[in-house]
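**Q** Mind looking at a prediction? Sequence and model below.
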Amino acid sequence: MSRIGKKAITVPQGVDVKIDGKVVSVKGPVGELSLVCRDEVSVAYEKGKGITVSSSVESRGASAMWGLHRALIANMVEGVSKGFSKRLIIEGTGFSAKMEKKEGKEFLVLDVGYAHPVRMEVLKGLVVKTPSSQIIEVSGADKQKVGQFAAQVRKVRPPNVYTGKGIRYDGEIVRRKAGKTLVSSGGAGG
């Protein structure tokens with residue numbers, strides 16, 4: 001039995017939950033998300049008690065799906081009520097980031113030491129801000145989209161272990177390696 005799946009999900013005020021067959025829709029102040037549940041899992045919602053997820057089949061795979069769907073629905077509820085965010089920091093001389101609008105689309109433009117700036121289209125449902133040229137803030141209701149976009153931005157120029165230059169998450173610790181050292185021999189050849 002799934003220990004995570006047994007817990008009921010509390011629904012905060014201002015969040016509407018709709019269950020239509022296998023589709024769970026959650027709407028809140030930050031946005032709207034939906035999830036199509038698998039056949040092994042059934043979802044019920046009662047006002048006051050919250051959302052309960054149960055397994056209709058007794059097997060190891062069904063128990064895993066039970067816990068997974070409970071976690072996904074809990075993330076949806078938290079996302080539409082509070083939202084998720086990731087903060088990235090750019091380190092390096094001349095490295096910068098800025099937002100750009102073109103033809104109704106938003107782009108994050110990264111100048112991180114390549115011959116040309118890297119332009120990344122901002123996905124629908126995400127809000128990307130650059131409070132300074134060295135800080136990027138990604139936020140939205142969908143935890144997976146926020147994390148995926150932040151990972152793609154970091155992948156453009158991961159932090160260098162020797163110099164520390166690159167894009168890293170706020171709070172990420174980059175272990176620095178010692179560079180090569182010159183060892184002099186006592187005399188001239190022989």
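**A** That came through fine.

**Q** how about the nearest residue to Asn160, chain neighbours excluded?
**A** Gly166 (5.4 Å; CB to CB, 6 or more residues apart in numbering). Placement of C-beta: from N, CA and C, glycine included.

**Q** Asp111 versus the one you found, what's the distance?
**A** 13 Å (CB to CB, to the nearest Å).

**Q** the more surrounded of those two?
**A** Gly166 (20 against 16; other CB atoms under 10 Å).

**Q** which stretch of helix or strand covers Ser34?
**A** strand 32-36 (DSSP states H and E).

**Q** follow-up on the earlier one: partners of the residue nearest to Asn160 in the sheet?
**A** Glu91 (DSSP bridges).

**Q** Name all residues that make contact with it.
**A** Counting by CB atoms under 8 Å, 6 or more residues apart in numbering, Gly166 touches 90-92, 112, 157-160.

**Q** mind running it again at 10 Å?
**A** Residues in contact with Gly166 (CB atoms under 10 Å, 6 or more residues apart in numbering) are 89-92, 95, 112-113, 154, 156-160, 174.

**Q** what does Lys7 give?
**A** Per CB under 10 Å, 6+ apart, neighbours of Lys7: 50, 52-53, 67, 70-71, 74.

**Q** No more questions from me, cheers.
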